[in-house]
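In: this one's structure only:
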């Protein structure tokens with residue numbers, strides 16, 4: 001009998017656990033290089049001169065002789081560490097200027113991974129609110145169908161906005177029924 005083995009990409013054990021992110025300390029020489037190697041634009045952005053990955057962010061690497069491994073870090077994260085110190089676990093950096101290669105610490109803000117992911121749709125509403133101004137305490141997690149591999153997907157929605165959408169939908173449905 002012939003069996004086929006499916007090759008799976010192996011991820012680091014800490015990949016899915018947010019609490020283990022930002023554990024590797026970036027050497028001072030690397031943070032200084034990331035902070036200094038830049039070109040300044042008229043808008044005030046400091047564009048990194050390092051290579052840009054497929055994700056669009058500039059990245060800087062180094063070799064650790066003790067461990068014998070190469071490491072890579074995003075350039076804006078290294079520049080932030082040069083000025084403010086290490087990014088706390090569970091937190092990430094958001095570009096206020098929306099330039100992924102910008103390493104200006106004044107154009108970066110520290111926020112939770114949830115808040116940063118919530119802003120990926122292009123909206124930039126105030127932190128702690130939904131895009132219509134409701135407090136983030138009204139945010140709920142809801143199922144959002146299934147991914148192509150069969151796993152369940154979820155998304156965060158504002159309870160108040162969702163209730164209003166439901167009322168509007170029912171009103172439109174009622175009006176169509178009455179008009180017919």
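Out: Yep, that arrived. Source: prediction; values computed, not measured.

In: chain center to the least confident helix or strand in the chain by mean pLDDT: distance?
Out: Here the helix or strand of the chain ranked lowest by mean pLDDT, DSSP states H and E is helix 113-118, holding a mean of 73. Chain-centre distance of helix 113-118: 6 Å, with Cα atoms, centre = their mean, to the nearest Å.

In: one more: stretch 143-154?
Out: 20 Å.

In: can you check stretch 62-71 too?
Out: On Cα atoms, centre = their mean, the centre of stretch 62-71 falls 26 Å from the chain's centre.

In: hang on, the earlier thing: which secondary structure elements does the least confident helix or strand of the chain contact?
Out: Here helix 113-118 touches strand 91-95, going by 3 or more Cβ pairs under 8 Å, 6 or more residues apart in numbering; DSSP states H and E. In this view, the C-beta of every residue, glycine as well, is placed from N, C-alpha and C.

In: what helices and strands are in contact with the strand it packs on?
Out: Applying 3+ Cβ pairs under 8 Å, 6+ apart, one finds that strand 91-95 contacts helix 75-84, strand 108-112, helix 113-118.

In: quick one, what contacts the nearest residue to residue 104 once chain neighbours are set aside?
Out: Leaving aside its chain neighbours, residue 104 sits nearest to residue 46 (4.1 Å; criterion: Cβ to Cβ, 6 or more residues apart in numbering). Applying Cβ atoms under 8 Å, 6 or more residues apart in numbering to residue 46 gives the contacts 38-40, 79, 102-104, 107.
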